[in-house]
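Undergrad: fold the following and give me the result.
(4 chains)
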Amino acid sequence: MILPWIVAILFIGGVLAWVAGRLGPQWPRWVSMIVLLIHLALLVAIWAQYFGQLTLSSRGPWLIEFNQPWIPQVGISFYLAMDGLSLLLLLLTNLLGIMGVLTSWNAIKERVGFFHFHLLWILSGVVGVFLALDLFLFYFFWEMMLVPLYFLIALWGHENRIYAAIKFFIFTQASGLLMLLGIIGLYFIHGQSTGVYTFNYNQLLGTPLPASTALWLMLGFFVAFAVKIPVVPLHPWLPDAHTEAPTAGSVDLAGLLLKVGAYGMIRFLVPLFPQAAFSFAPVAMVLGIAGILYGAALAFAQTDLKRLIAYTSISHMGFVLLGIFAWNELALQGAVIIMLAHGLSTGALFILVGDIQERIHTRELGRMGGMWSTMPGMGTAGMFFALASLGLPGLANFVGEFLVLLGVYQVNVAAAAVATIGFVLATVYALWMMQRVFFGPNREGWKLPDVNAREATIYAVLMFFVLVLGIYPQPVLTTAKHGLDNVQRYVARELDGAPPFDSSAARLRSDNDHANPPSSDHRSRP
Amino acid sequence: MEAVFYISGAIAVLSTIGVITRLNAVHALLYLVVSLIAVALVFYSLGAPFVAALEVIIYAGAIIVLFVFVIMLLNLGPQGSREERQWLSLKTWVGPAVLGVILIAELVYTFGLQPSHPAGVSVVEPQQVSIALFGPYVLGVEMASLLLLAGLVGAYHLGQRDDFRRPAQPEAEESKTGTRSDYLAHEGRALSSSTEKGAGSEIGPARLKGDEQ
Amino acid sequence: MIAAVPMAHGLILAGCLFAIGLIGVLVRRDIIFVLASIEIMLNASGLAFVVAGSRWGQPDGQIMFIFILTMAATEVSVGLALALQLHGRLRTLDIDAASKMRG
Amino acid sequence: MLQLLWLVPALPFAGFVLLALSGRRLPDRWVPFIGVGSVGLSLLAAVLVATSFLAAPPPGYAYSQTLWTWMSVGSFTPGITLYLDALSLVMVVVVTFVGFFIHLYSAEFMAGGEGYGRFFAYMNLFVGSMLTLVLASNLLLLYLGWEGVGLCSYLLIGFWYQDSYNGYAARKAFVVTRVGDAALAIGLFLIFNSLGTLEIQDLMRRAAQQWAPGSALALSAAALLLVGALGKSAQLPLQTWLPDAMAGPTPVSALIHAATMVTAGVYLIARTNVLFALAPAVQLAVAVIGAVTLLLAGFSALTQWDIKRVLAYSTISQIGYMFLALGVGAWTAAIFHFMTHAFFKSLLFLAAGVVIMSLDEEHDMFKMGGLRRSLPLAFWTFLVGAASLSALPLVTAGGYSKESILYQAWAGQAGSPWLWAVGIAGAFLTGMYSFRMVFLTFFGEMKQQPSKKPSIDIGIPLVVLAALSIAGGYIDLPRTLGNLPILSSFLQNTLPPTVIAQPAIDTELVLGVIAGVVPLIGIYFAYLLFFQRRPAYADGPTRVARGGPLYRLWFAGWGFDWLYDRLIVRPFVWAARADKDDVIDSVYDGITRLNVVFNNLLSGTESGRVRWYAAGIALGAVVVIAIGVFA
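TA: Numbering: from 1, shown residues only, chains lettered A, B, ... in the order given. Model prediction:
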């Protein structure tokens, strides 16, 4: 019964924040902060309660389920379910939500209530997407998170925000419609073959599909998720949307909306169309690598700091795409870790840019430089997160990227080798950013206030999580394993004749058939 | 009886050609009356006397008279046909004529496809028509009456000739007797002023519309 | 008085009248002539209905003609009222003068 | 006492955390206590662990301590496990020892400068990462240390961040080493994919069983590890970053770019010696690269005017010797040379630091001179260092280590006379450029009056390192001179013994004599060229400008920088800048513009004239009928 509350809290919180906006600018901030904290408390309670159950091999596929028929005639049910994967992403959503609210504490001055209304509705849309297991409900939340972000960018954005907002909306909406086609196609094919017309994920899983239609339906889903990830040819909306969005908007945009695409692929795309996904895998991997290299090269060339960071997130998410389509346990775990790490580190970088922009009212790299002398605190934070984004071992991104490349190497050696070049290019743009912003002579003679208490807490919290995820990622890995195991089991079940390179999925299936005792090689944890 | 059909058909075609080629409006209308009467004869020859009567009474009688009435009202006089002459150069006839001929050719071809069944074999008495009219088609009749009412109201409203019945009255900015270009200019001014006013009143959030390129 | 005229001829006659009316509409620039040509086209279509009705010996054709008649009547009245307005406002009967609504 | 092993890397990390968190709040007086103290305690812990290790060597001559499982995903379960054996013991002791003295030195050397706390924070982070690298039991933890030291070298080279050239040099260092690290990462993937583990000891055992010597897997794994080592140890072709790395403060150059980090590659190859033994072709490549690098660097060192760049090229050259030793299978000799090199090279850097500090940041040797009497301490310690560098026989530590390398280059099973000949030529060059440096800076008439005198804090490290530069060699005397191989026998517990083709005492004697005489000839040449005939040029750049094309080629590090700039840097920058506005974005803009064009076209058809629309309808009707009837 708790799942609908998890979605509803933010939903109602948004309305409350808007209403509270009437009373004064401070109120909505506190309302949304309280709502998010309650939401966090709920999630942590769930995690603590179910953590023990995560590692049991006899665990069911879902931690919590909530299924309520919504429009029975058409087979639509209000079906929410949570497993390890979605729990992690919900925690990330909540954390970045709180960071978003904190960072725009006094950045947003006019129509504060309305701002927080949009912010919380984006979060509730994203939470809904991570929990929905009814394809129609999934698409409903998919659309729901889109509109408030459009208004967030359009109303509180920077210079040419209208262009960016419309471009973002068209890209996502058009691709969303393709996904809708895929959903409906699947719905009818399933209905014809089994007589049961339903959008329920579990029942739709096994639908027998002829290869060509499966490919087309899968492509429908792929385009929608590829636009969100973003995959290279479909990425141009991201730099504009990021540069023009207010800080909280771009934190949520980078942190959450990019993950929705990747989550969608793991949850819906590959399990629903396993054969088509694997025949499409080489193409997707090439796109992933292209994303890594192209994103990195362009990031280096940008003169607008926020645009630079936007392109870096294209490069990072290229790794995630690579990991998903390698589809073995290492690559998938790596993809999940990168999703979390990217959310944290790139979110932090956007907050940093927001703070810098608040001080010097520009994002032009040409005018920055030598800011370490006036803002050492900001400099250290910037250095920390730049190092995280270039994949320094000991920080979160490296764990993810290493696992992905390790997994991809088992599937496709050339892909892993070329993707590793991404490490070098990442170093180039990260250090280039640091040089242009913090090091070098202070040409403009900036005399700026260093990090204040609020900003310091944001950076400290994010630094803590990036460091812990980098040094001791085990709790996250075990939770993600719960989610990934049942997704891999679905795919393995459908691919009884598992294609050659998908050995790990088949092997996984054999592991789970004879319930293996909790694996003995778990070293004694301190 | 076929002779009546063919002769009146030919007359109808010739007179309608006459209608569209006349320069003077009244001449055209007279040709139109001839054409309608010819068509009425055709109806009669096809065994539809009631409709033939209707055609003559309503179509030729009422509608064409209405035309003449309006022409009288507009009292164009000779300068009307002078305008017509410089409008109707031969060049303007070519396009539509070609189109018309193609259309006729297509219709002739299509009607010639099936073996055509003789029409007008039996006379349809007016009694039959009226039974059918107030039988299954009673709804149609009511709708027709509604249509007529609408036409009546519309014509009455549009017919208000208040603005040009009082030419001498000095309206504040309406220049009644200006030529067409004045009118357009005046229209233009009114239109643009409204948009400035529209932009001025910042109804939506100022930033949304304000500096949209 | 059985005319036994083949239906096709009737329909062809209606077609010709319709086409001529169409040419009239396209060619003439005076609104009165345009309305007259429209009347011709309506009359032609009525003719076609009556021919069809008489071919089956059913009254339906004629009833349709009656409906067309009423529609033509209202159409003319409104059309002419518009013509009066046009003349009042634009001091001319040239139908192309009223081309305010364009892209 | 072995349980204290985890303290060795943990203490410097703790020092880093303390200094980083305290930031500017900590007054400068307290900074050195934390900075130097943490490394000192780490040295103490290392010594304690070493003594208990030597006193009661644990079973299998190795001790492993697991702190926690870093990550466990399916069969991939790397742990944060420290592994201590003979090799890593030597490395730990040397790193902490030299590190401590350099920290002591920089406490006074860097005093008063801006970012004092930041400097020691980075230095502590470096020592911590280096110790993690050395003590790592699996390649992933080694990779963590590997990247950590790369990061600290970036941070410390770019320490004086106001000057954007330092930033450039720092970025160059990190990116070039990162190229090597990417290759190393691919090597890790390959090893895990085929052997199933990254634990160094396990993977070496499995490699020996599963990989046939010279097989494709063995060759590619060894080659990738080699490229990683080349990047970090600044060997051909990835050596261009080290000379520019001299932009950092001198203690940094001493610690990172002389003693410890640059030898990480040597440690990696020594640590994974089984992989290289399984790939003889790659091992030969190691030797050849080492030989070629030592020669090229030797020539370049001859032409530099900046005292620190001479030492930088000399470091590249000396590491070339270590690679040569590794290539011919003389594992212990390589480590021995690493140890002695750490002592005398850091000594040279520290002494040079004193000279630079006292001449107000003057780097140009041609502007120095006659400092013998004014900086006696610096002069004598510099002389000892230079002697040890040029491997004076019998007296200096460098002599013993280089002599053993040269002997095994000749007599070693994988060695060959050619390698030995290159080694000897290198020794000659080393002698020449090291004493060129001594004569230019300390002899001749004094051009600048030294303003500051070094204090006691600087004196102690110099004296201690000078002593070690001499005494350091006695712990591994070759058979011909006392036959006391303590170090090599100790290292043989971990590293395989060197296979000597035909061990004959006379060849060893002859080679020993040649290896002793050649440096003396080099020094004599330096004496002729740079002591008697004082150089006429006022400063270095004019000397280079007037030098012949060969001279300028050597000065520019054989043109590698120029080549890479043309080959890689400029095309990449140009391509990225050209595509700044994202050509794919312009594709979408193109679509929108196309849209507008169509809009204009179609809106033209709305002419507002009724007859135009009627004509349209009529045309449509005609077409539809035609289609209906004919199609």
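Undergrad: check the gap between the residue of the stretch 401-550 of chain D found nearest chain A and D:Met246 for me.
TA: Relative to chain A, the nearest point of the stretch 401-550 of chain D is D:Pro541 (23.5 Å; Cβ to the nearest Cβ). C-betas here are computed from N, CA, C, even on glycine. Going from D:Pro541 to D:Met246 by Cβ to Cβ, to the nearest Å gives 16 Å.
Undergrad: more crowded one of the two?
TA: Taking neighbours as other Cβ atoms under 10 Å in any protein chain shown, D:Pro541 and D:Met246 compare with D:Met246 leading, 25 against 14.
Undergrad: now that the residue of the stretch 401-550 of chain D closest to chain A has come up, it's in contact with D:Trp305, right?
TA: Yes - the pair D:Pro541 / D:Trp305 is scored as a contact, 6.9 Å apart, by Cβ atoms under 8 Å.
Undergrad: for chain A, what are the low-confidence residue spans?
TA: For chain A, the stretches with pLDDT under 70 are A:55-59, A:497-526.
Undergrad: can you name the residue of it nearest to chain B?
TA: Here chain A gets closest to chain B at one residue, A:Ile162, 5.9 Å apart by Cβ to the nearest Cβ.
Undergrad: mind checking how far that residue is from D:Tyr267?
TA: For A:Ile162, the distance to D:Tyr267 - Cβ to Cβ - is 58 Å.
Undergrad: look at those two and report which has more neighbours.
TA: Neighbour totals were compared for A:Ile162 and D:Tyr267, and D:Tyr267 leads with 26 against 18 (other Cβ under 10 Å).
Undergrad: tell me which element the more buried one falls in.
TA: helix D:264-271 (DSSP states H and E).
Undergrad: and that helix, is it in reach of chain A?
TA: No - Helix D:264-271 lies out of reach of chain A by Cβ under 8 Å from any Cβ of the partner chain, never closer than 14.1 Å.
Undergrad: contacts for that helix, please.
TA: Helix D:264-271 is contacted from outside by D:87-88, D:91, D:130, D:133-134, D:142, D:146, D:149, D:184, D:200, D:225-226, D:228-233, D:235, D:276, D:286, D:319, D:322-323, D:326, D:331, D:334-335, D:338, D:495, using Cβ atoms under 8 Å, 6 or more residues apart in numbering or on different chains.
Undergrad: could I get it in CSV with only the CA atoms?
TA: This file holds the C-alpha atoms of helix D:264-271, laid out as CSV (Å, rounded to 0.1, in the frame of the first residue of the first chain):
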residue,chain,number,x,y,z
ALA,D,264,56.0,2.7,-11.0
GLY,D,265,56.3,1.2,-14.5
VAL,D,266,59.5,-0.6,-13.4
TYR,D,267,57.7,-2.0,-10.4
LEU,D,268,54.7,-3.1,-12.5
ILE,D,269,56.9,-5.0,-14.9
ALA,D,270,58.9,-6.5,-12.1
ARG,D,271,55.8,-7.4,-10.2
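Undergrad: what's the average pLDDT for it?
TA: The average of the pLDDT scores along helix D:264-271 is 92.
Undergrad: now swap in stretch D:384-398 and tell me
TA: The model assigns stretch D:384-398 a mean pLDDT of 89.
Undergrad: which parts of it are buried?
TA: Under the neighbour-count criterion of 16 or more other Cβ atoms under 10 Å in any protein chain shown, stretch D:384-398 has D:384-393, D:395-398 buried.
Undergrad: what is the most widely separated pair among the residues you listed?
TA: Across the buried residues of stretch D:384-398, the longest distance by Cβ to Cβ is 16.4 Å; it joins D:Gly385 and D:Pro393.
Undergrad: pretty sure D:Leu462 contacts D:Val354?
TA: Yes - between D:Leu462 and D:Val354 there is a contact under Cβ under 8 Å: 7.4 Å.
Undergrad: CA atoms of stretch D:424-444 as CSV?
TA: The C-alpha coordinates for stretch D:424-444 follow below in CSV (Å, rounded to 0.1, in the frame of the first residue of the first chain):
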residue,chain,number,x,y,z
ILE,D,424,78.2,1.6,-22.2
ALA,D,425,77.6,4.5,-24.6
GLY,D,426,74.8,5.7,-22.3
ALA,D,427,77.2,5.5,-19.3
PHE,D,428,79.7,7.7,-21.2
LEU,D,429,77.0,10.3,-22.0
THR,D,430,75.8,10.2,-18.4
GLY,D,431,79.3,10.9,-17.1
MET,D,432,79.6,13.8,-19.6
TYR,D,433,76.3,15.6,-19.0
SER,D,434,76.3,15.1,-15.2
PHE,D,435,79.8,16.7,-14.8
ARG,D,436,78.9,19.4,-17.5
MET,D,437,76.2,20.3,-15.0
VAL,D,438,78.6,20.4,-12.1
PHE,D,439,81.2,22.5,-13.9
LEU,D,440,78.7,25.0,-15.3
THR,D,441,77.0,25.6,-12.0
PHE,D,442,79.7,25.3,-9.4
PHE,D,443,82.9,26.2,-11.2
GLY,D,444,84.1,29.2,-13.3
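Undergrad: so how far is it off the chain centroid?
TA: 23 Å (Cα atoms, centre = their mean, to the nearest Å).
Undergrad: avg pLDDT for it?
TA: 90.
Undergrad: select the longest helix from chain B.
TA: helix B:90-113 (DSSP state H).
Undergrad: show me what it is in contact with.
TA: Contacts of helix B:90-113 (Cβ under 8 Å, 6+ apart): C:7-8, C:11-12, C:15-16, C:18-20, C:22-23, C:26-27, D:615, D:618-619, D:621-622, D:625-626, D:629.
Undergrad: count of residues packed around residue 87?
TA: Unless you meant another one, I'm taking chain A. Neighbours of A:Leu87 using other Cβ under 10 Å come to 24.
Undergrad: I was thinking of chain D, sorry if that wasn't clear
TA: D:Leu87, neighbours per other Cβ under 10 Å, totals 23.
Undergrad: so A:Ile351 makes contact with A:Val251?
TA: Yes - taking contacts as Cβ under 8 Å, A:Ile351 lies within contact range of A:Val251: 6.1 Å.
Undergrad: of these two, who's got more company?
TA: A:Val251 (30 against 26).
Undergrad: distance of the closest residue to chain C within the stretch 151-300 of chain A from A:Thr479?
TA: Residue nearest to chain C within the stretch 151-300 of chain A: A:Ile166 (22.8 Å; Cβ to the nearest Cβ). Look at A:Ile166 and A:Thr479: by Cβ to Cβ, they are 38 Å apart.
Undergrad: phi and psi next, for the residue of chain A closest to chain B.
TA: As for A:Ile162, its main-chain torsions (degrees, to the nearest 10) stand at phi -60, psi -50.
Undergrad: wait, A:Met463 sits on A:Ala381?
TA: Yes - in this structure, A:Met463 is within contact of A:Ala381 by Cβ under 8 Å, at 7.2 Å.
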